[in-house]
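1. Give me coordinates for this.
(chains A, B, C and D)
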There are 2 protein chains.
Amino acid sequence: MAVLGKALAIVESLVDGATLGVSELSDRTGASKASVFRILATLERRGYVAKDPVSRKYRPGPRLLAVACGLVSGHDLVQGARPVLAALHAEFDETVNLGILSEGQVLYLDILERSHGLRMAARVGSRHPLHSTALGKAILAWLPADEARRLLPEGRFERRTPRSVTAWPSLERQLAAFRKQGYAVDDEENEAGVRCVGAPILDVRGRPVATVSVAGPASRLRDATIRRIGRRLVDAASEIAERMGYRGRGGASVS
Amino acid sequence: MAVLGKALAIVESLVDGATLGVSELSDRTGASKASVFRILATLERRGYVAKDPVSRKYRPGPRLLAVACGLVSGHDLVQGARPVLAALHAEFDETVNLGILSEGQVLYLDILERSHGLRMAARVGSRHPLHSTALGKAILAWLPADEARRLLPEGRFERRTPRSVTAWPSLERQLAAFRKQGYAVDDEENEAGVRCVGAPILDVRGRPVATVSVAGPASRLRDATIRRIGRRLVDAASEIAERMGYRGRGGASVS
DNA sequence: AGCGCATGTTTCGCATAGTGAAACAAAGGC
DNA sequence: GCCTTTGTTTCACTATGCGAAACATGCGCT
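-> This next block holds a predicted model:
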């Protein structure tokens, strides 16, 4: 399946919006120039990439955009979670996030930002570490401990801020506490000044398939608020799970 | 480039969120079951599709989601247009759309909905006809007439509502008028009860690369309002064009 | 239960699609 | 104008991917 792998590598290289030429792509993907050229020609014929006629560099094409958009907004999770996220957003007027596990990181699938004032949102499509975000911790906490451990890097974890938890034993204790209370907290561990509360969305077998979180400035999200949001998130998460046909009961059921 | 074509067809089949099995995919794509199976295995190994272990059906995988999300939100147009769209949204409190031309249709790239009340938004990733939407007409109007004609279906166009324009001669007259006034209008032609105003975003050579539009219920969008929004949209469009480095002058420059 | 159909998985020998190296053509940069 | 870099094409080779058909597995039906 050589072509496929190369084609995927090429498309991935074009994801960030940069326009790249044949040689550049050949370097990045390791495929021979000839291969890259042929693959690009095919992709171009199908509208997946577009060639700038003057610079002869390539960028994502309209077809690829269409597929990508459809994929994201058509994803039943995004669809089903939207109204619930909107409700949370209206209720707390803070940034609301929806994420899933994607190769050892949290992928932000949907974000409802505060309409005004400070923005503290990650970008849709961006990925963040599991150990430093409420979204990530909510997933880790509801996974068997050994599985959680394997998802994390070996040794110490990245210190994103002074408050980041960087060792497994302390993280593991946190996760246990989160599992008991039904929601996870990130206390300025991913970004200085930002606190975040997250609850897992569990599937029929009680496995965490996604997470919802509410994020805001530490100044506004005092401990009492966090608790209030946390309790609300547990309901919200189980409501999403219900809508998706996963199960009726949310966070509490596994503890 | 046989594999690639088949793989793309497979991925496209999975776009709408349905989970499909090997045979179903084999039918839809025309590829032999063996091919589909092998391709799916490769895609699965790379995380592009995920197999439900119990039903043995496939759905989009986390990696694919990540790439798709990155592609959409990383697209410089979406990035650059966001703030301008947000301003429009705040100003008129109606649904604001961003679209591009995608294979003879308008692809909705970004949508800011009204926060409350009636929703009338298309979905991000959905595609609509060019002849019946303000987004589409704005593109058509700023294209050379013959090029516009070629983008449209031969013969008569789909009658989406009683007010849809279905013949080229009358559409062509509309387009000329739109070009003069700087913005295009859809008067309940795509969806009954919904009016929409759109302006083209032009690149350096004056070609329409994208469009912005504001949509709302006909009851709220009277003619005077439409004119006001239209004029504002021309500015907004040229501001987006500027941010993207396309050009300083917006709609008026081509007329 | 038991049969049968539909679907997923594997094997196999063959032909072609895809391979990299290298030659060739354009296109800037100094 | 030369020289470097990048895009495009050619070519002979072979591994890659091909479809048919056999095999396995699960599910519904009577």
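2. ranges for the helices of chain A?
-> Taking DSSP state H to define them, one finds helices in chain A at A:2-14, A:22-29, A:33-45, A:62-74, A:76-92, A:134-141, A:145-151, A:168-181, A:223-243.
3. Can you say which of those is packed in most?
-> Mean neighbour count (mean count of other Cβ atoms under 10 Å in any protein chain shown) peaks for helix A:134-141 among these, with a mean of 30. In this view, the C-beta of every residue, glycine as well, is placed from N, C-alpha and C.
4. Say whether chain B is contacted by that helix.
-> No: judged by Cβ under 8 Å from any Cβ of the partner chain, helix A:134-141 and chain B are separated, with a smallest distance of 11.9 Å.
5. got the angle between that helix and helix A:223-243?
-> On the basis of axes from the mean of the first three to the mean of the last three Cα atoms, to 10 degrees, helix A:134-141 is oriented at 70 degrees to helix A:223-243.
6. where's helix A:134-141 relative to the chain centroid, distance-wise?
-> Mean-position distance between helix A:134-141 and its chain equals 11 Å (Cα atoms, centre = their mean, to the nearest Å).
7. the residue most distant from the middle of chain A, which is it?
-> The C-alpha centroid of chain A is most remote from residue A:54, which lies 36.5 Å away (Cα atoms, centre = their mean).
8. Spit out the contact partners of residue A:75.
-> A:109, B:17, B:60, B:65 (Cβ atoms under 8 Å, 6 or more residues apart in numbering or on different chains).
9. How about the third one, nearest residue that isn't a chain neighbour?
-> Spelled out, that is residue B:60. Closest residue to residue B:60 apart from its sequence neighbours, by Cβ to Cβ, 6 or more residues apart in numbering or on different chains: residue B:14 at 5.3 Å.
10. Let's have the helices of chain A in a markdown table, adding mean pLDDT and distance to residue B:2.
-> A markdown table is the format used below for the helices of chain A (pLDDT from 0 to 100; distance: least, Cβ to Cβ, whole Å):
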| stretch | mean pLDDT | distance to residue B:2 |
| --- | --- | --- |
| helix A:2-14 | 93 | 9 |
| helix A:22-29 | 92 | 20 |
| helix A:33-45 | 94 | 10 |
| helix A:62-74 | 87 | 18 |
| helix A:76-92 | 87 | 31 |
| helix A:134-141 | 96 | 39 |
| helix A:145-151 | 93 | 37 |
| helix A:168-181 | 95 | 47 |
| helix A:223-243 | 94 | 40 |
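11. In a markdown table: these, plus distance to residue B:194.
-> Converted to a markdown table, the helices of chain A look like this (distance: least, Cβ to Cβ, whole Å):
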| stretch | distance to residue B:194 |
| --- | --- |
| helix A:2-14 | 35 |
| helix A:22-29 | 43 |
| helix A:33-45 | 36 |
| helix A:62-74 | 20 |
| helix A:76-92 | 20 |
| helix A:134-141 | 36 |
| helix A:145-151 | 46 |
| helix A:168-181 | 46 |
| helix A:223-243 | 27 |
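12. Of these, which is nearest residue B:38?
-> Minimum separation from residue B:38 across these (Cβ to Cβ) falls at helix A:2-14, 9.7 Å.
13. Retrieve the pLDDT associated with the closest residue to DNA strand D within the stretch 151-255 of chain A.
-> The minimum distance from the stretch 151-255 of chain A to DNA strand D, using Cβ to the nearest atom of the strand, falls at residue A:204 (14.9 Å). We have a pLDDT of 75 for residue A:204.
14. separation between it and chain B?
-> Distance, residue A:204 to chain B, using Cβ to the nearest Cβ, to the nearest Å: 10 Å.
15. ok, which residues in the stretch 1-150 of chain A are in contact with DNA strand D?
-> A:1-4, A:21-24, A:33-34, A:37-38, A:56-57 (Cβ under 7 Å from any atom of the strand).
16. Can you name the two of those residues that sit furthest apart?
-> Top of the distance list for these (Cβ to Cβ): A:1 and A:56, 28.3 Å.
17. Look at these two and report which has more neighbours.
-> More crowded of residue A:1 and residue A:56, by other Cβ atoms under 10 Å in any protein chain shown: residue A:1, with 16 against 10.
18. which residues touch that one?
-> Per Cβ under 8 Å, 6+ apart, neighbours of residue A:1: B:3, B:38-39, B:42.
19. Any chance of CSV for those residues, columns distance to DNA strand C?
-> Listed next are the contacts of residue A:1 as CSV, based on distance: Cβ to the nearest atom of the strand, whole Å:
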residue, distance to DNA strand C
B:3, 5
B:38, 7
B:39, 11
B:42, 12
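20. Fine by me, thanks again.
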